[in-house]
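# Based on what follows, work out the 3D shape:
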Amino acid sequence: MERRTAAYTAEEALPVGRLPELLPTTPADDHVAEGEGLRLRFPAMHIVHVSPWRLPASAYGGSQRVLWWLARAQLGCGDEVTLFAPEGTWVPGARLLAVPDGVAGDEQKMVPWVLAHLPREVDVIHWQRMPPEMPQAPFVVTVHGNSAAELQPHPNKVYLSRNHAQRAGAAAFVYNGLDPSEYNFREKKDSYVLFLGKLSRRSKGIRWALEIARKSGVELVVAGGTRWGLRKTGGWWASLSRRVHFIGEVAGWRKAELLAGARALLFPIQWEEPFGLVMIEALVSGTPVLACPRGAAPEILTPEVGALCRTVDEFCAALAQLHHFSPTECRQRVLSHFTAEHMAAGYRARYLRAMQAADVHACPSPQS
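Numbers count the residues shown, from 1 in each chain. Sure, this is the predicted structure:
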């Protein structure tokens, strides 16, 4: 019986060192060229995702949407995907195993329940939270936050950026990716700049955004909460301007339109953001990003698609230079580095490492 294969971008899907037993089955002179990357055919994997969330996300749900895109990209590349998730989850093409409500929210119950219902011939299990007990199977865990427990090193943990990994004393990371087809691209922009983030979280920098708008005189659209949220973060008086518009939480097509129409996205974060999905959402829409140089921002932004600003004055100066940014270059930055396919290839390399560490070689040696 012929073994199924999966097509991935070569350099991203191979682990460091290119272990011989993990090399692709297709010779280099018989590659499949798609887009800008060299794609080779690998033995297909059976990947099990364990999700604590119902998919797809009903509202914003950044982590949920990233997992949704990842599973769909893996299926599109030719891998088999089984998904353990709460009832109501739907991912086209994946095998779905609904986790009972009393189990889905309890990590102590989740691990034994998943292992008891695990299909046969699984290559790797991908968790979104660290299991309290180590499963006797190859696995990886995506780390989403900055808590002390999350930043405690473990060989199977995968972080969201180089900065995120380094702060944990680790090296393994895979950048988040998205599906560009879910976003609008516009070269001609409207008159506003956009702040998109949870207003209730001081670390997102809403006070900075309001001060930048006041000092520069730009029109600011604030999405992610109402003006009442400023009672926790401050900035109430700066928000009382006819040039500042609060529109509440947004998702779906409305969010896509806002991102595409903005002259720029303000991202004045006041903490070490592990990744910052909204930055690549703006870029793929053709919108440059002005951010504080913290967390993953210096890894995502280049001078061609945004600016790293340390003070309010630097933000104001960058706003005066927005005409230098090309919407096409902003979008290309994502298409070249931050799509769901790039993310899937990066995780494939981490899966192979986990399989090797567990001494489980699911992939045969290269065909002669």
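
# can I assume Arg167 is in contact with Trp271?
No - Arg167 is beyond contact range of Trp271, at 11.4 Å (criterion: Cβ atoms under 8 Å). Quick note: C-beta positions are derived from backbone N, CA and C, even for glycine.

# Which neighbours do the two have in common?
Asn146 (Cβ atoms under 8 Å, 6 or more residues apart in numbering).

# residues touching Gly286, list them.
Contacts of Gly286 (Cβ under 8 Å, 6+ apart): Phe185, Arg186, Glu187, Lys189, Ala260, Pro327, Thr328, Cys330, Arg331.

# correction: Ala358
Contact partners of Ala358, counting by Cβ under 8 Å, 6+ apart, are Ala137, Pro138.

# What distance do you get for it to Ala344?
21 Å (Cβ to Cβ, to the nearest Å).

# re the thing from before, can you redo the contacts of Gly286 as a markdown table with neighbour count, distance to Ser147 and secondary structure?
Formatted as a markdown table, the contacts of Gly286 follow (neighbours: other Cβ atoms under 10 Å; distance: Cβ to Cβ, whole Å; DSSP: H, G, I helix; E, B strand; the rest coil):
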| residue | neighbour count | distance to Ser147 | secondary structure |
| --- | --- | --- | --- |
| Phe185 | 16 | 36 | coil |
| Arg186 | 16 | 38 | coil |
| Glu187 | 10 | 41 | coil |
| Lys189 | 18 | 38 | coil |
| Ala260 | 22 | 34 | helix |
| Pro327 | 19 | 37 | helix |
| Thr328 | 11 | 39 | helix |
| Cys330 | 25 | 32 | helix |
| Arg331 | 21 | 34 | helix |
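
# from the residues you listed, which is closest to Phe267?
When the contacts of Gly286 are ranked by distance to Phe267 (Cβ to Cβ), Cys330 comes first, at 13.5 Å.

# so what's the nearest residue to Ala85 once chain neighbours are set aside scoring on pLDDT?
Excluding the flanking residues, the one nearest Ala85 by Cβ to Cβ, 6 or more residues apart in numbering is Ser51, at 4.0 Å. Listed pLDDT for Ser51 reads 95.

# Likewise for Arg227?
82.

# Pretty sure it sits against Ile247.
No - Arg227 is beyond contact range of Ile247, at 10.6 Å (criterion: Cβ under 8 Å).

# for the record, mean pLDDT for the longest helix seen in the chain?
If you go by DSSP state H, the chain has its longest helix at helix 340-357. Helix 340-357 carries an average pLDDT of 94.

# so what does it touch, helix or strand wise?
Using 3 or more Cβ pairs under 8 Å, 6 or more residues apart in numbering; DSSP states H and E, the elements in contact with helix 340-357 are strand 5-9, helix 10-13, helix 62-77, strand 124-127, strand 139-142.

# Convert it to PDB, retaining C-alpha atoms only.
Coordinates of each C-alpha in helix 340-357 appear next as PDB, following Å, rounded to 0.1, in the frame of the first residue of the first chain:
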ATOM      1  CA  ALA A 340      -0.500  29.300   8.400                       C
ATOM      2  CA  GLU A 341       1.600  27.200   6.000                       C
ATOM      3  CA  HIS A 342       4.800  28.600   7.400                       C
ATOM      4  CA  MET A 343       3.500  27.900  10.900                       C
ATOM      5  CA  ALA A 344       2.600  24.300  10.000                       C
ATOM      6  CA  ALA A 345       6.100  23.700   8.500                       C
ATOM      7  CA  GLY A 346       7.700  25.100  11.700                       C
ATOM      8  CA  TYR A 347       5.600  22.800  13.900                       C
ATOM      9  CA  ARG A 348       6.400  19.800  11.700                       C
ATOM     10  CA  ALA A 349      10.100  20.300  12.500                       C
ATOM     11  CA  ARG A 350       9.200  20.400  16.200                       C
ATOM     12  CA  TYR A 351       7.100  17.300  15.900                       C
ATOM     13  CA  LEU A 352      10.000  15.400  14.300                       C
ATOM     14  CA  ARG A 353      12.300  16.400  17.200                       C
ATOM     15  CA  ALA A 354       9.800  15.200  19.700                       C
ATOM     16  CA  MET A 355       9.400  11.900  17.800                       C
ATOM     17  CA  GLN A 356      13.200  11.400  17.800                       C
ATOM     18  CA  ALA A 357      13.500  12.300  21.500                       C
END
